[in-house]
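[1] Predicted model follows, preceded by the sequence.
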Amino acid sequence: GGSALGGEVLTEYVGGNYVDNWLMPEAQGALGPRPAPSAMATRTLCDARGRRIAFSQLGEECGPDAKHNAGVNGALSLPWELTLGDDLVLELAPVEEVCSAGDPHWSFGRRKLSHDEPFCPGGLAGDALEILAEIDLGSANEIALTVLASSDGQEETVVLFNARERRLSLDRSRATLSREHCEGAVHDALDLAGQGLLRLPVFVARTIVEA
């Protein structure tokens, strides 16, 4: 269901069991990163394969004049498959239909990452991308993936994972030169459960980034 908390508009969920026609809540959370706007007005459907699939309206930070000039207001998210973990916490994964079925256009083997020398793969460019990064953090506390970066470094969007804080963030503070429309970072909890390997799917669709 949708709700407004402290000025945020978000979609909440409650997990539990029905007992004598009463829902006994055991877990509660929000769909999508905080702070909002994101994942608003979420609707779900159950497809022929029994998958519960969610679509959300994605919020925009641009002003009313920009929306009027563009002729659009908002966009739909990718379809995400919803499942419940053993702890009744909602888990999301992109539906397989939006994921590449063939060999990738770009593929990079094992690379050692350094804070002083970020890995910049040559030839990888575009604003319609599916990225699947598999990163072994080792002893590192943070890893960052930068997308939609301008050649002069003035614009960029950064996906950041902090292992110590168990937090995945998307920093939009430099996403556009119109800084008044940059709302900083949104974040969500992400626990690797001691595995150390971060599998991070990132979808770039023009001005939208979903991770």
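    It's in.

[2] Centre of the chain to stretch 78-95, how far?
    13 Å (Cα atoms, centre = their mean, to the nearest Å).

[3] same question, stretch 200-211
    That offset, for stretch 200-211, works out to 7 Å (Cα atoms, centre = their mean).

[4] Now do the buried residues in it.
    L200, V202, F203, V204, I208, V209, E210, A211 (16 or more other Cβ atoms under 10 Å). Yep, even glycine has a C-beta here, placed from its N, CA and C like the rest.

[5] Backbone dihedrals for the fourth one, please?
    When quoted as degrees, to the nearest 10, the phi and psi of V204 stand at phi -110, psi 120.

[6] what about the spatially closest residue to it that is not a sequence neighbour, distance to L145?
    Spatial nearest neighbour of V204, excluding adjacent residues (Cβ to Cβ, 6 or more residues apart in numbering): L129 at 4.3 Å. Note on L129: its distance to L145, by Cβ to Cβ, to the nearest Å, is 11 Å.

[7] likewise E81?
    From E81 to L145 the distance is 23 Å (Cβ to Cβ).

[8] Those two: who's more crowded?
    Per other Cβ atoms under 10 Å, whichever of E81 and L145 has more neighbours is L145, with 20 against 16.

[9] what's the pLDDT at the more buried one?
    Looking at L145, its pLDDT is 88.

[10] go on, S38?
    On the pLDDT scale, S38 is placed at 64.

[11] before we move on, back to that, spatially, which two of the buried residues of stretch 200-211 are the most separated?
    Pairwise distances across these (Cβ to Cβ) peak at 16.5 Å, for the pair L200 and I208.

[12] one step back: between the buried residues of stretch 200-211, which is nearest S77?
    Nearest to S77 among the buried residues of stretch 200-211, with distances taken as Cβ to Cβ, is E210, at 6.3 Å.

[13] Give me the nearest residue to that closest one, chain neighbours excluded.
    Per Cβ to Cβ, 6+ apart, closest to E210 is F203, 4.7 Å.

[14] list the helices and strands the lengthiest strand in the chain packs on?
    Using DSSP state E to define each element, the chain has its longest strand at strand 8-19. Secondary-structure packing of strand 8-19 (3 or more Cβ pairs under 8 Å, 6 or more residues apart in numbering; DSSP states H and E): strand 2-5, strand 22-31, strand 40-46.
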